[in-house]
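**Q** the following block contains a protein sequence and its predicted model.
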Amino acid sequence: MLKEFKAFILRGNVLDLAVGVIIGAAFTAIVKSLVDNLINPLIGLFVRNSALNQLSFKLMGAKFTYGAFLNDVLNFLITAFVVFLLVKSINRLFPKKPVDETVVASEELTTLQEIRDLLAKQN
């Protein structure tokens, strides 16, 4: 059982996933710092509040902190945009191999011919 566990852990997919999670967590910390320390003060200049997180309103005794929500949306958008740029650049560096249409077509044709022959035998 220990051998199987070792084989599972050392498989490429598990290691890649672990590395991705660790780098993702570190990247999220960098984006959060960017938003909290650079972007929020800039937004604060326009909304006359030093921190976006502090923006809120009260309604019937309940406090709604919409600034924290906007901060999280901003973090998500920046992270998604950077991941988009990363994937786009990787796809440009390593283009996908074009699928050989003749091989696919011949496999499909062969399968269709086999189906036709089986149907002909049934009738």
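**A** Perfect, thanks for sending it.
**Q** and the closest residue to I9 other than its chain neighbours, what element?
**A** Closest residue to I9 apart from its sequence neighbours, by CB to CB, 6 or more residues apart in numbering: L15 at 7.8 Å. For glycine as for every other residue, the C-beta is placed from the backbone atoms N, C-alpha and C. Secondary-structure assignment from DSSP states H and E places L15 in helix 12-34.
**Q** which helices and strands does that helix pack with?
**A** Contacts defined by 3 or more CB pairs under 8 Å, 6 or more residues apart in numbering; DSSP states H and E place helix 12-34 against helix 66-93.
**Q** ok, then the element right after the helix it packs on?
**A** Using DSSP H and E, the helix or strand that follows helix 66-93 in sequence is helix 101-122.
**Q** just checking the distance from that following helix to the centre of its chain.
**A** 39 Å (CA atoms, centre = their mean, to the nearest Å).
**Q** just the C-alphas of the helix holding L15, formatted as CSV.
**A** Below are the C-alpha coordinates for helix 12-34, written out as CSV (Å, rounded to 0.1, in the frame of the first residue of the first chain):
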residue,chain,number,x,y,z
GLY,A,12,3.2,14.1,-12.7
ASN,A,13,-0.4,15.4,-12.3
VAL,A,14,-0.3,15.4,-8.5
LEU,A,15,3.0,17.2,-8.4
ASP,A,16,1.9,19.7,-11.0
LEU,A,17,-1.3,20.4,-9.0
ALA,A,18,0.6,20.8,-5.8
VAL,A,19,3.0,23.3,-7.4
GLY,A,20,0.1,25.1,-9.0
VAL,A,21,-1.7,25.5,-5.6
ILE,A,22,1.4,26.8,-3.9
ILE,A,23,2.3,29.3,-6.6
GLY,A,24,-1.4,30.3,-6.8
ALA,A,25,-1.4,31.1,-3.1
ALA,A,26,1.7,33.1,-3.4
PHE,A,27,0.4,35.0,-6.4
THR,A,28,-2.9,35.7,-4.6
ALA,A,29,-0.9,37.3,-1.8
ILE,A,30,0.9,39.5,-4.3
VAL,A,31,-2.3,40.6,-6.0
LYS,A,32,-3.9,41.3,-2.6
SER,A,33,-1.0,43.5,-1.7
LEU,A,34,-1.2,45.3,-5.0
